[in-house]
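In: Show me the folded form of this:
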Amino acid sequence: MGFLNKFSGFVPAACFAAGFIAFGTAPAEAAPDPNFHIYIAYGQSNMGGTADAQSADKAENPRFKIFASQKCSGKGRNTIGEVYPAVPSLFNCGNTISIADWFGRTMADSMPDVTVGIIPVAVGGASIKLFDQDQYASYLAGAESWLQNYAKEYASDGNVAKTIIDIAKKAQQVGVIKGFIFHQGETDGGYPDWPKIVKKTRDDILKALDMSSDTVPFVAGELLRSGCCYSDRVSKLPNTMDNTYYASSEGLDGNGVDRYHFGHDAYVTFGKRYAEQMLKAINRAPVVPEPQKPFKGKPFEIPGKIEAEDFDIPGVGSGNDSYSETDSEDHGGTNYREGTGVDIYKKATGYIVGYNQEGEWLEYTVNVKEAGEYSFYASVASANETSGFQMSLDGKNITDVISVPKNEGEDNYDDYNKVRTTVNLPAGEHILRFTVTGSWMDVDYFAILTEEDEIECLENCFDFVRPALSHAAGAESYRIFDMNGNYLGKVRASGMQELRASAKILVKNGGTFIAKSRAGSATIRVMK
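Out: The predicted model follows:
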């Protein structure tokens, strides 16, 4: 976030794209990132996941990614092997979660210095033979058409192991393969060679990647204990496979529909159990989650003023972030919130947050003195016609999308407008979020006021509005805008009292308006 200069409109939008790594654009000599840890996830339907994703499953973790193994245009995943945000579904284009979802989230939460990537390939109903490159062709030749088609979603010839290897080779260009997570076995029942083939599938992949099992842990998960196919063979895999661990399915419920699949909450818990085993294998202890905290030690009081740059200190763990930033560079150069990457600039009014791009957000802990209706103000600047934002409280929107008025001239990011709307707030401590809905705007502060505070501050306390025009000598010409940036007309006045009286002629209803002159701009309240 930071202000955009007047030439920014000519920069291709693709230059600002974030959330993925394009293999083709990386310099050939670029070294893999040692802090990008990549895990290969394979198996059958429980690895792919069958439970519908809930809101918590869909919250994007900026340090959790997937390498696309299928094209899903509806999710913006259009290139096989490219890195995208890890949001459901990881294994297909649907809306389900799997073991891998909460494995990846837990691993990322437990290693704040690491980004976690998943290479996801799972085929429901498939035998372990499908993942054996020496058996897959003969196995598929005798399989039912639906299973053949399922495998071909990953590879045109059904060679899903080769798909894993091909994507993993690309992944090695940008990160480090750190381990396997595996769930399979319902189809094979008591097949005696199952442990041997599982080991072969892992070893073949490692050989193709020029890696050793000595340094790449393998975690397998037990089958549903209340289902059709449970046995102790998964827990015995460490007896026949080196550097292998298992995640227990004890106490995990099924989906209540069939005898094979886990339910939603079981997938969440199971994924965390996989992560616990992997963390043990790589000698990393889980990090205890911590909530976000107010930047200056106590919540902002409502009614009152909130400086945009004083967003909360982020916590640790999923759901405890206090901001979302599309890149790590601080374009503002002030180092006011060093390490966050949020773009903070020093302007005449103090620090401001700029370079705001669509989808970015900032959160503030607030304490609302009394429940009721408040006037919400934001001091914003933009040279864009499409800039905008929205406010939410504890995850629920409290405003519609608010448009930011476009400024004219070369100094368009130094001219701040006050946009206004009405919000209803419950009493007590809450998390207020500012979300950018239209890129390239600056924000100085927010003010949330009662009607009594609003009238007093807008007319007398410049801490909230700083109306430079009130210091102009003699009569001035003013352009009048409503709070959505619509131009209403021009008036000529000397001083605030005459300005309000003159503006009253232009407006149909009373309210709050923006007056601009060469001397500056201010928010005025007109009573009718």
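In: what's residue 352 in contact with, if anything?
Out: Neighbouring residues of residue 352 by C-beta atoms under 8 Å, 6 or more residues apart in numbering: 3, 308, 309, 344, 345, 442, 443, 444. Where you see a C-beta, it was placed from the backbone N, CA and C, and this is true even at glycine.
In: now residue 511
Out: Shown in contact with residue 511 (C-beta under 8 Å, 6+ apart): 482, 483, 525, 526.
In: Specify which member of these is nearest to residue 126.
Out: Within those, distances to residue 126 taken as C-beta to C-beta reach their minimum at residue 483, with 58.9 Å.
In: Please render the contacts of residue 352 as JSON lines that adds secondary structure, pLDDT and distance to residue 431 to the earlier fields.
Out: Output for these, formatted as JSON lines (DSSP: H, G, I helix; E, B strand; the rest coil; pLDDT from 0 to 100; distance: C-beta to C-beta, whole Å):
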{"residue": "3", "secondary structure": "coil", "pLDDT": "33", "distance to residue 431": "26"}
{"residue": "308", "secondary structure": "coil", "pLDDT": "97", "distance to residue 431": "15"}
{"residue": "309", "secondary structure": "coil", "pLDDT": "97", "distance to residue 431": "17"}
{"residue": "344", "secondary structure": "strand", "pLDDT": "94", "distance to residue 431": "21"}
{"residue": "345", "secondary structure": "strand", "pLDDT": "92", "distance to residue 431": "25"}
{"residue": "442", "secondary structure": "strand", "pLDDT": "94", "distance to residue 431": "23"}
{"residue": "443", "secondary structure": "strand", "pLDDT": "96", "distance to residue 431": "18"}
{"residue": "444", "secondary structure": "strand", "pLDDT": "95", "distance to residue 431": "21"}
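In: Of those residues - the most surrounded one?
Out: The most crowded member of the contacts of residue 352, judged by other C-beta atoms under 10 Å, is residue 442 (29 neighbours).
In: Does that residue touch residue 356 like I think?
Out: Yes - shown here, residue 442 and residue 356 form a contact pair, counting by C-beta atoms under 8 Å, at 7.1 Å.
In: neighbours of residue 92, just the number please.
Out: 21.
In: For it, which non-adjacent residue is spatially closest?
Out: Counting by C-beta to C-beta, 6 or more residues apart in numbering, residue 70 is the residue found nearest to residue 92 once chain neighbours are left out, at 6.0 Å.
In: Residue 151 is in contact with that neighbour, correct?
Out: No - using C-beta under 8 Å, residue 70 is not in contact with residue 151, being 11.8 Å away.
In: Settle it for me: which of these two has more neighbours?
Out: It is residue 151, of residue 70 and residue 151, that has more neighbours when counted by other C-beta under 10 Å, with 22 against 17.
In: now could you export just the CA positions of the helix or strand hosting the more buried one as PDB?
Out: Using DSSP states H and E, residue 151 sits in helix 145-152. Extracted in PDB, the C-alpha atoms of helix 145-152 (Å, rounded to 0.1, in the frame of the first residue of the first chain):
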ATOM      1  CA  SER A 145     -14.400 -45.900 -17.100                       C
ATOM      2  CA  TRP A 146     -15.200 -43.500 -14.300                       C
ATOM      3  CA  LEU A 147     -11.900 -44.300 -12.600                       C
ATOM      4  CA  GLN A 148     -10.000 -44.000 -15.900                       C
ATOM      5  CA  ASN A 149     -11.500 -40.600 -16.500                       C
ATOM      6  CA  TYR A 150     -10.700 -39.600 -12.900                       C
ATOM      7  CA  ALA A 151      -7.000 -40.400 -13.400                       C
ATOM      8  CA  LYS A 152      -7.000 -38.600 -16.800                       C
END
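In: which parts of it are buried?
Out: Using 16 or more other C-beta atoms under 10 Å as the test for burial, helix 145-152 gives 147, 150, 151.
In: which residues sit in contact with the first one?
Out: In other words, residue 147. Counting by C-beta under 8 Å, 6+ apart, residue 147 makes contact with 123, 125, 126, 140.
In: from these, which two are the most distant?
Out: Pairwise over the contacts of residue 147, using C-beta to C-beta, the maximum falls at 125 and 140, 12.1 Å.
In: isn't residue 122 right up against residue 40?
Out: No - taking C-beta under 8 Å as the definition, residue 122 is not a contact partner of residue 40, at 11.2 Å.
In: still on that earlier bit, which ones among the contacts of residue 147 are found in helices?
Out: Mapping the contacts of residue 147 onto helices (DSSP state H) picks out residue 140.
In: out of the contacts of residue 352, who's nearest residue 237?
Out: Closest to residue 237 out of the contacts of residue 352 is residue 344 (51.5 Å), distances taken as C-beta to C-beta.
In: do you know how far that closest one is from residue 56?
Out: 30 Å (C-beta to C-beta, to the nearest Å).
In: cool, residue 492 as well?
Out: 57 Å.
In: quick one on the thing from earlier: let me know the closest of the contacts of residue 511 to residue 229.
Out: After measuring the contacts of residue 511 against residue 229 - C-beta to C-beta - the closest member comes out as residue 483, at 63.0 Å.
In: quick one: the strands in the stretch 201-350 of the chain?
Out: 218-221, 244-247, 300-302, 304-307, 323-324, 344-347, 350-353 (DSSP state E, counting those that start in this stretch).
In: Of the ones you listed, which stretch is the most buried?
Out: Highest mean neighbour count among the strands of the stretch 201-350 of the chain (mean count of other C-beta atoms under 10 Å): strand 218-221, with a mean of 26.
In: Tell me the strands beside that one, with direction?
Out: Strand 218-221 pairs in its sheet with strand 176-183 (parallel), strand 244-247 (parallel), by DSSP bridges.
In: how about the helices in the chain?
Out: For the chain, the helices defined by DSSP H cover 45-48, 55-58, 99-110, 136-141, 145-152, 160-171, 194-208, 237-240, 264-281, 451-460, 462-465, 496-506.
In: Among these, which comes closest to residue 401?
Out: Between residue 401 and these, the tightest spacing by C-beta to C-beta is seen for helix 55-58, at 20.6 Å.
In: How about the closest one, which residues are buried there?
Out: So helix 55-58, judged by 16+ other C-beta under 10 Å, has buried residues residue 57.
In: how far is it from where the chain is centred?
Out: Its chain's C-alpha centre and that of helix 55-58 lie 11 Å apart, by C-alpha atoms, centre = their mean, to the nearest Å.
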